[in-house]
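Visitor: need coordinates for the below:
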Amino acid sequence: MNQSRRLFLQQASLAAAGLLLPGGMQAFASGNGLPKKVGIQLYTMRDQLDKNPTDTLTRIAKIGYQEVETYYGYTPGSAGKFWGLPVKELKSLLASLNMTSPSGHYGLNNYLTEGNGKDDELKAQVEYAVELGQQYFVIPALPMAQWDATPTASHYKFISEQLNKAAEYCKKAGLKVAFHNHFWEFKPLADQAGTGYEIMLKNTDPGKVFFELDLFWAIKSGFDPVKLFAKAPGRFFALHIKDIDKAKPEVLVSPANKDKKAMELLSMASFADVGTGAVDFKRILAKAPAAGVKHLYVEQDVIKTDHFQSIANSYAYVKQQLLK
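Guide: This is a model prediction of the structure:
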């Protein structure tokens, strides 16, 4: 894992109602209930954004992407800038490119740590989300210190309580809270049957806390996205459209890997341009409307070819094959 990825993950660990939004009915592809617009999680282009955010976002827009999901690594006293751009400048740039940002990833390291629970990072970042005009405040990962901890029901109940509290605070600002998965939430619990993800689905307020399902990590954890949809219809506001390298389809959460550390498991993951890998997106997206999906974000954690060509390939597949 490169240093940029490690830094972000460290910092990051710090359904029908949408139709009422302006243009809501027109935001879905005719006949199939899927969103018309294709989005991208900007972490995919992190190195390019660090070098030149204006040029990178301009090129992303020219490919055809109309929605972007931001990511932000919170540090106390930080300037509130995205790749050097103040929030107002980023919002203005996106508007000039006819792009919007419905959601963003914001790390809550302290807030999600038992014995801490401080909400300073939550309050600071909510301001950025509101200023960008986002509707969803997304927690992208558990705090990094928890990745290799023994998963227990009591711990995930604490996480659920914190998400409920965050949702109450965000509601006052006009935001909804959502949680984005990796694979550790799908590890078997040590103290009862089930997983941490199931605990969160059961113990968070269904009207206030939503989920963004990363298809890659769910499948690599041995879970069928369609079955997850059925457990909580209407609660999955977005999907990360991320493909699995056909040469490495093996499940990561397994008895054979139970003693491996998170970083080792992350290094075993291999990605592909959307439509070239092992994920059956058509089967999954057929059930997405009932799951509450309003946004589709292309993401690829690691790209080994030209980044702009890669996201162009993924865009073309989603637009021409999945949303036709």
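Visitor: can you list contacts of the helix ranked longest in the chain?
Guide: For the chain, the helix that runs over the most residues, judged by DSSP state H, is helix 153-172. Helix 153-172 has contacts (C-beta atoms under 8 Å, 6 or more residues apart in numbering) with 108, 111-112, 114, 117, 119, 122-123, 126, 137, 139, 142, 146, 149, 176-177, 179, 185, 189, 191-192, 194, 196, 199-200, 202-205, 208-209. Heads up, the C-betas are built off the backbone N, CA and C, glycines and all.
Visitor: among these, name the buried ones.
Guide: Of the members of these, the ones counted as buried by neighbours, 16 or more other C-beta atoms under 10 Å, are 108, 111-112, 119, 122, 126, 137, 139, 142, 146, 176-177, 179, 185, 189, 196, 199-200, 203-204, 209.
Visitor: quick one: which of those residues sit in strands?
Guide: Taking DSSP state E as the definition of strands, the buried ones among the contacts of helix 153-172 contribute 137, 139, 176-177, 179, 209.
Visitor: in CSV, list those residues along with distance to Phe223 and pLDDT.
Guide: What follows is those, written out as CSV (distance: C-beta to C-beta, whole Å; pLDDT from 0 to 100):
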residue, distance to Phe223, pLDDT
Phe137, 24, 98
Ile139, 19, 98
Lys176, 23, 98
Val177, 22, 98
Phe179, 15, 98
Val209, 19, 98
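Visitor: just the helices in the stretch 151-300 of the chain please.
Guide: If DSSP state H, counting those that start in this stretch is used as the criterion, the helices of the stretch 151-300 of the chain fall at 153-172, 196-203, 215-220, 225-231, 262-267, 281-285, 288-291.
Visitor: and the third one, what does it pack onto?
Guide: Applying 3 or more C-beta pairs under 8 Å, 6 or more residues apart in numbering; DSSP states H and E, one finds that helix 215-220 contacts helix 225-231, strand 236-241, strand 243-244.
Visitor: secondary structure class for Pro102?
Guide: Secondary structure for Pro102, judged by DSSP: H, G, I helix; E, B strand; the rest coil, is strand.
Visitor: state the distance from it to Asp55.
Guide: Note on Pro102: its distance to Asp55, by C-beta to C-beta, to the nearest Å, is 23 Å.
Visitor: ok, back up a step: could you say which of the helices and strands packed on helix 215-220 is packed most deeply?
Guide: Among the helices and strands packed on helix 215-220, ranked by average contacts under mean count of other C-beta atoms under 10 Å, first place goes to strand 236-241 (a mean of 26).
Visitor: how far does it sit from the chain's center?
Guide: Its chain's average C-alpha position is 7 Å from that of strand 236-241, according to C-alpha atoms, centre = their mean, to the nearest Å.
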